[in-house]
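Undergrad: I'll drop the sequence and a predicted model, then ask my questions.
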Number of protein chains: 4
Amino acid sequence: MKRIAVLTSGGDAPGMNAAIRAVVEQGIHHGLEVYGVYYGYRGLVEGDFRLLTLSDVHHNIRRGGTMLYSARYPEFKHKEYQEKAISQLEKFGIDALVVIGGDGSFAGALSLSKLGFPAVGIPGTIDNDIPGTEYTIGFDSAVSVALDAIDKISDTAASHNRTFVVEVMGRHAGDIAIWAGVAAGADAIIIPEEEFLIEDVVRRTEAGRSAGKDYSLVVLAEGAMDVDNFVEQFQILAPDQSVRGVTLSHIQRGGTPTARDRVFATLMGARSVDLLIEGQKAIYLGVREEQLTVFDIVETLEKTEHQVRQDLFQLNQKLTDRGN
Amino acid sequence: MKRIAVLTSGGDAPGMNAAIRAVVEQGIHHGLEVYGVYYGYRGLVEGDFRLLTLSDVHHNIRRGGTMLYSARYPEFKHKEYQEKAISQLEKFGIDALVVIGGDGSFAGALSLSKLGFPAVGIPGTIDNDIPGTEYTIGFDSAVSVALDAIDKISDTAASHNRTFVVEVMGRHAGDIAIWAGVAAGADAIIIPEEEFLIEDVVRRTEAGRSAGKDYSLVVLAEGAMDVDNFVEQFQILAPDQSVRGVTLSHIQRGGTPTARDRVFATLMGARSVDLLIEGQKAIYLGVREEQLTVFDIVETLEKTEHQVRQDLFQLNQKLTDRGN
Amino acid sequence: MKRIAVLTSGGDAPGMNAAIRAVVEQGIHHGLEVYGVYYGYRGLVEGDFRLLTLSDVHHNIRRGGTMLYSARYPEFKHKEYQEKAISQLEKFGIDALVVIGGDGSFAGALSLSKLGFPAVGIPGTIDNDIPGTEYTIGFDSAVSVALDAIDKISDTAASHNRTFVVEVMGRHAGDIAIWAGVAAGADAIIIPEEEFLIEDVVRRTEAGRSAGKDYSLVVLAEGAMDVDNFVEQFQILAPDQSVRGVTLSHIQRGGTPTARDRVFATLMGARSVDLLIEGQKAIYLGVREEQLTVFDIVETLEKTEHQVRQDLFQLNQKLTDRGN
Amino acid sequence: MKRIAVLTSGGDAPGMNAAIRAVVEQGIHHGLEVYGVYYGYRGLVEGDFRLLTLSDVHHNIRRGGTMLYSARYPEFKHKEYQEKAISQLEKFGIDALVVIGGDGSFAGALSLSKLGFPAVGIPGTIDNDIPGTEYTIGFDSAVSVALDAIDKISDTAASHNRTFVVEVMGRHAGDIAIWAGVAAGADAIIIPEEEFLIEDVVRRTEAGRSAGKDYSLVVLAEGAMDVDNFVEQFQILAPDQSVRGVTLSHIQRGGTPTARDRVFATLMGARSVDLLIEGQKAIYLGVREEQLTVFDIVETLEKTEHQVRQDLFQLNQKLTDRGN
């Protein structure tokens, strides 16, 4: 093996640059040339490749976003585009590919592997919603940004004795809501995976006020309910509370990655190169019980569902049930 | 003079606690007792007063929000409520009052002064929209939070070559938009004080792209136009751009105050005590040409309009006019 | 069981307040009264107890340090002091105790348990150096602060093409150095647990420069070597490099706790109350393979050594070995 | 005028990149080509020039340090080196130069101007110690970093009832100490410009403790006294206090620049281009009474001394004099 390439695909996530840097460092350590593919699968098909050096990547370990850019490219599900990509890769003499992205992006890696071109995946998405792995690059950073925003809102909520409903990202997965909500001491956390009653949420906030809290906080995953709708219904049930809704939206994607995201991104980036050298393909990396773990793309994505940490969710349910 | 009191009114702003702490420190330095009035003018009328000690305030210098809480209380414009407030103050043997808040809050201080009870104002509002003074407590912190959020959004905007329209606070004043926009290198800044054409904004972003920028950024003050409406019209004129709107909303009010906000809050808090001891009333403090300045409430609020820094706004207009 | 108490002991760590808050919330959930013991074991002996309410603790979830204060108190190893503590606890009608601190603090909990008073431990120390558990409260926050400082130093290091040797906390444990070092992309990480040669560190930095890096970074745990001594020896071996040493020191202990620290502190705080209700004693909580785990104080502290994550350390050794 | 160049010299300061970006933007706006000179005056003499485009600079507005690097180069005081620099500039067809740095760097700009090559200065140094101007690029960011560190230390100081003496940068100027100290609520601030007695500092901390503070804080500018020496003498006079010294050192130079630093850097960067086009030389820009101001290099540097804000210093002296 002489040359490998790396691309990022799907939504950007803080820590992707740390993974890219680790692929380059580990490649150089093993005597390989590492090419960056720009704009994800589109760049793969169009041959938008550039040789990466240490000086290209070493500053980026602390930058959010992805230095290789990303792009939507639904065309890649068609075999002709996949074959075009492989001929581009062959033209550059590239032997294997690292794909950093969500589970949608892994489908592309799988297609290439099936056509005989080795490709491995690294989970990069702030939503933490990839089956098999308990961790994805960007999740810890997104939680950190969401929590910082909620802390700021809590200052102002307390000053006016308000109830804030903060919508965080998570269309199908409640992970950001659970972690940020527990960390912020939320009275209630609403996630797509669990049923909820607004009456129950109102009751929790009222119990908190009775117990001496000077504001109330509800953390809502975007996939569970529209925040404006939630606030409207909540207000009807709790006419005495001064209720406000806030959507954190895109700030959660950006910012300097946390230590945890950079460390696991580095571990996975380096390991992905080792796995390609060992001749692996159609796999992706992840974390289970805090250890690096290898997953079969087909086996895992088809057979496994993403699981949120029920213990955290239950903890909060119980903790803020002050029993009136 | 033996006892003074301090209250916060209107929207909370980071640095209010630093002003409260300075009032208490300076009061103690002069041998006075300092009472905190809780929940603004409502607490004043209801007699919600507590003696403040150094241990109550010294940690709060670094906390956002207001430790004395705030509340809406439109009743205070009626004379009977003002007289009730004065009898509460007299019951506690309080001789004078410091009011921290916006220009609306200064009207209350003025009423009390007219009825013979000395009251002075300190400008605390993130919007920086008080006539006379070039600075208000909380403005620098709000700009800092807005800029940090825009920096985060820029990471992700660049990764996808997007155009982001970020709505910041400022119903009538474009100050936050101007400072955050210039600091972030925005392609265009839209403020309520200045006419704008969306065509011109589109042209600027396109010129930026032609000149090599990998994303575009528009900072919009909330009072200028609804962000969703803006994005919709922008998208029609720029169908090739991937445009997103974000509303920063309440996070801008909160968070640890910046050094600048704490320093000027401390200066004004301490000075307000000196002014009350000197027998002043119906005035408020502010900053002109970076120096502490005293303003007459009636004279200034009636005769002066708030001015944004036109030089900053013009700078950005010119800087990002790349002339295509 | 009607009343429990909680204390913090040893060096303060961000997240301790989140644990205290969870003990109070969970206690209230189970219908208990929760007392705070001020100033650690000294306060236990002297009876410095106060009933804690939700309003005392709910804001503190986001504050660093410990709201219950801490103090050195070597006297507590003597039985007479332990018995005095128990009689104070009995005087207040307290049935069980939660101790948040390092392994030294657990010895006190063990003594009380042996004398028949149930006490359980929660690991709170930034050093992450407690046997058995893979995680301690405050560690993630300390890494976050150290990394943020190193990022700042990297900006200036690059501007002058310098080599910085940054000393982080860790007298016996290299964990902070390993995590912050990997996350920062350090050329070398020096920890007390592993031998090192300064020649080898010089070689790594030189290889990095040859490969295009515009600065070099060494992260040194304080227990491995004195930073001034290290810099002096390094400079002799690398006379062409402009080398600087920095000691991060006390800033690493403080600051707003990260989400991870608050979440695990909350999990452990709540669980400790459950365990006391179940009649447990002489145990402490921890995290293994990312799950809450219970450890026997005697068994674990005597028989287990703290292990750093060798995989991370080896990763960096390999990654920055650029082979010249 | 067709081509201009820009360099950074002396110690790096956050916001320098924002100034560089503004020079490039404004240059492009006026139809000029803008060259970056790498490594300060050394690069000027050696001809280390590269044409800068918007894509080179627009991301850097939010990065600390200087993208053009800096270097010590005492040789530049000799005329032969200055003439060599001018011939390099002429070789590239460059008509004028912007120098971003401290007053030492302005001497180089002056020499070039005297030899007929127009050069203007922009004050970039975290120390805020340039005569004439009340503001230098990087100062607000350095205060912000110092304050954030002191806030962190305060958390841990309070937890153990300690006294911390924090040394901040400022060899000859106490500005960082004054701003960070007032903002942090320090019991005492020690600066090189003012005499002090350690007895008086001890007295202030003791008065603070008597008044209910749970920790004490002294902020010391490095130029006033060695921190270890200070702590030693303080400890002898205050044997009951638990005293610790901390040196913040290099972290103060780095980090994302604040809004204020980016805004003034942008104002000055853009204006410097206008001034060169107008035919100015041997001048530098600065801020007086919050307005952009032009200074003659010879006149100002020779005849003016740097002034700290005495009002802030006196404020703190008075505020924390609790009169026991």
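TA: Here it is on my side, so go on. Numbers count the residues shown, from 1 in each chain, chains lettered A, B, ... in the order given.

Undergrad: got a pLDDT number for residue A:302?
TA: pLDDT, residue A:302: 88.

Undergrad: could you do the one 3 residues further on as well?
TA: We have a pLDDT of 89 for residue A:305.

Undergrad: same check, this time on residue A:20
TA: 98.

Undergrad: so the helix or strand that contains it, near chain D or not?
TA: Per DSSP states H and E: residue A:20 is located in helix A:16-29. No: applying Cβ under 8 Å from any Cβ of the partner chain, one finds helix A:16-29 separated from chain D by no less than 12.7 Å. Using the backbone N, CA and C atoms, a C-beta is placed for each residue, glycine as well.

Undergrad: how much space between residue A:259 and residue C:178?
TA: 10 Å (Cβ to Cβ, to the nearest Å).

Undergrad: and if you look at residue A:246?
TA: Taken as Cβ to Cβ, the span from residue A:246 to residue C:178 is 37 Å.

Undergrad: what about the helices in chain A?
TA: A:16-29, A:40-46, A:54-57, A:79-91, A:103-114, A:139-159, A:175-184, A:198-210, A:227-237, A:259-277, A:297-303, A:310-319 (DSSP state H).

Undergrad: which of the ones you listed sits closest to chain B?
TA: helix A:139-159 (3.2 Å; Cβ to the nearest Cβ).

Undergrad: which neighbouring elements make contact with that closest one?
TA: Secondary structure elements in contact with helix A:139-159, counted by 3 or more Cβ pairs under 8 Å, 6 or more residues apart in numbering or on different chains; DSSP states H and E, are strand A:163-168, helix A:175-184, strand A:216-221, helix A:259-277, helix C:259-277.

Undergrad: could you export the ones you listed as a markdown table, including distance to chain D and mean pLDDT?
TA: Formatted as a markdown table, the helices and strands packed on helix A:139-159 follow (distance: least, Cβ to the nearest Cβ, whole Å; pLDDT from 0 to 100):
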| stretch | distance to chain D | mean pLDDT |
| --- | --- | --- |
| strand A:163-168 | 24 | 98 |
| helix A:175-184 | 17 | 97 |
| strand A:216-221 | 22 | 98 |
| helix A:259-277 | 16 | 98 |
| helix C:259-277 | 13 | 98 |
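
Undergrad: just those: most buried one?
TA: Mean neighbour count, computed with mean count of other Cβ atoms under 10 Å in any protein chain shown, is highest for helix A:175-184 among the helices and strands packed on helix A:139-159, reaching a mean of 30.

Undergrad: alpha carbons of that helix, as CSV, please.
TA: Taking Å, rounded to 0.1, in the frame of the first residue of the first chain, the C-alpha atoms of helix A:175-184 are listed here in CSV:
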residue,chain,number,x,y,z
ASP,A,175,-28.7,11.9,23.3
ILE,A,176,-27.8,15.7,23.2
ALA,A,177,-31.0,16.5,25.1
ILE,A,178,-30.3,13.8,27.8
TRP,A,179,-26.6,14.8,28.4
ALA,A,180,-27.2,18.5,28.3
GLY,A,181,-30.4,18.2,30.3
VAL,A,182,-28.9,16.1,33.1
ALA,A,183,-25.8,18.4,33.2
ALA,A,184,-27.9,21.5,33.4
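
Undergrad: and it, how far out from the chain middle?
TA: 14 Å (Cα atoms, centre = their mean, to the nearest Å).

Undergrad: tell me the residues of the stretch 51-200 of chain A that contact chain B?
TA: A:63-66, A:69-71, A:145, A:149, A:151-156, A:158-161, A:164.

Undergrad: please repeat the previous calculation with a cut-off of 6 Å.
TA: Within reach of chain B by Cβ under 6 Å from any Cβ of the partner chain, the stretch 51-200 of chain A has these residues: A:64-66, A:69-70, A:149, A:152-153, A:155-156, A:158-160.

Undergrad: I'd like the mean pLDDT over stretch A:34-41, please.
TA: On average, stretch A:34-41 scores 98.

Undergrad: gap between the two ends of that stretch?
TA: Stretch A:34-41 has an end-to-end distance of 17 Å (Cα to Cα, to the nearest Å).

Undergrad: that one and chain C, any residue contact?
TA: No: Stretch A:34-41 does not reach chain C (Cβ under 6 Å from any Cβ); its nearest approach is 12.2 Å.

Undergrad: ok, residue A:63 - contacts?
TA: residue A:17 (Cβ atoms under 6 Å, 6 or more residues apart in numbering or on different chains).

Undergrad: backbone phi and psi for it, please?
TA: Residue A:63 has phi and psi values of phi -100, psi 140 when expressed as degrees, to the nearest 10.

Undergrad: if I look at it, how far off is residue A:14?
TA: 8 Å.

Undergrad: for the residue lying closest to residue A:160 once chain neighbours are set aside, report the pLDDT, please.
TA: Among residues not flanking residue A:160 along the chain, residue B:70 sits closest, at 5.9 Å (Cβ to Cβ, 6 or more residues apart in numbering or on different chains). Looking at residue B:70, its pLDDT is 96.

Undergrad: ok, residue B:70 - contacts?
TA: A:159, A:160, B:8, B:9, B:12, B:40 are the contacts of residue B:70 under Cβ under 6 Å, 6+ apart.

Undergrad: make a markdown table out of the helices of chain A and add distance to residue B:230.
TA: Output for the helices of chain A, formatted as a markdown table (distance: least, Cβ to Cβ, whole Å):
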| stretch | distance to residue B:230 |
| --- | --- |
| helix A:16-29 | 30 |
| helix A:40-46 | 29 |
| helix A:54-57 | 37 |
| helix A:79-91 | 36 |
| helix A:103-114 | 31 |
| helix A:139-159 | 23 |
| helix A:175-184 | 28 |
| helix A:198-210 | 32 |
| helix A:227-237 | 19 |
| helix A:259-277 | 33 |
| helix A:297-303 | 40 |
| helix A:310-319 | 38 |
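
Undergrad: please identify the deepest-packed of those.
TA: Using mean count of other Cβ under 10 Å, helix A:175-184 ranks as the most buried of the helices of chain A, with a mean of 30.

Undergrad: that one near chain C anywhere?
TA: Yes: applying Cβ under 6 Å from any Cβ, one finds helix A:175-184 touching chain C at A:179, A:182, A:183.

Undergrad: so the first one touches residue A:143, yeah?
TA: Yes: counting by Cβ atoms under 6 Å, residue A:179 does reach residue A:143; the two are 4.5 Å apart.

Undergrad: shared neighbours, these two?
TA: Shared contacts of residue A:179 and residue A:143, counting by Cβ under 6 Å, 6+ apart, come down to residue C:259.

Undergrad: look up the closest residue to residue A:162, ignoring the ones flanking it.
TA: Closest to residue A:162 by Cβ to Cβ, 6+ apart is residue A:242, at 4.7 Å.

Undergrad: ok, the one you found to chain D distance?
TA: Distance of residue A:242 to chain D, given as Cβ to the nearest Cβ, to the nearest Å: 30 Å.

Undergrad: again, but for residue A:111
TA: 33 Å.

Undergrad: tell me who's in contact with residue A:231.
TA: Shown in contact with residue A:231 (Cβ under 6 Å, 6+ apart): A:165, A:243, A:245.

Undergrad: and for the nearest residue to it once chain neighbours are set aside, the neighbour number?
TA: Leaving aside its sequence neighbours, residue A:231 sits nearest to residue A:245 (Cβ to Cβ, 6+ apart; 4.0 Å). Neighbour count of residue A:245, defined by other Cβ atoms under 10 Å in any protein chain shown: 22.

Undergrad: just checking, residue A:245 touches residue A:226?
TA: No: Residue A:245 lies out of contact with residue A:226 (Cβ under 6 Å); the separation is 9.2 Å.

Undergrad: export stretch A:144-161 to PDB, keeping only CA atoms.
TA: Backbone C-alpha positions of stretch A:144-161 (Å, rounded to 0.1, in the frame of the first residue of the first chain) are rendered in PDB as follows:
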ATOM      1  CA  SER A 144     -20.700  21.200  25.500                       C
ATOM      2  CA  VAL A 145     -22.000  24.000  23.300                       C
ATOM      3  CA  ALA A 146     -25.600  23.200  24.200                       C
ATOM      4  CA  LEU A 147     -24.800  23.200  27.900                       C
ATOM      5  CA  ASP A 148     -22.900  26.400  27.700                       C
ATOM      6  CA  ALA A 149     -25.900  28.000  26.000                       C
ATOM      7  CA  ILE A 150     -28.300  26.600  28.600                       C
ATOM      8  CA  ASP A 151     -26.100  27.900  31.400                       C
ATOM      9  CA  LYS A 152     -26.300  31.400  29.900                       C
ATOM     10  CA  ILE A 153     -30.100  31.100  29.500                       C
ATOM     11  CA  SER A 154     -30.300  29.900  33.100                       C
ATOM     12  CA  ASP A 155     -28.700  33.200  34.400                       C
ATOM     13  CA  THR A 156     -31.400  35.200  32.700                       C
ATOM     14  CA  ALA A 157     -34.200  32.700  33.500                       C
ATOM     15  CA  ALA A 158     -33.400  33.000  37.200                       C
ATOM     16  CA  SER A 159     -33.300  36.800  37.100                       C
ATOM     17  CA  HIS A 160     -36.900  36.900  35.900                       C
ATOM     18  CA  ASN A 161     -38.200  33.600  37.500                       C
END
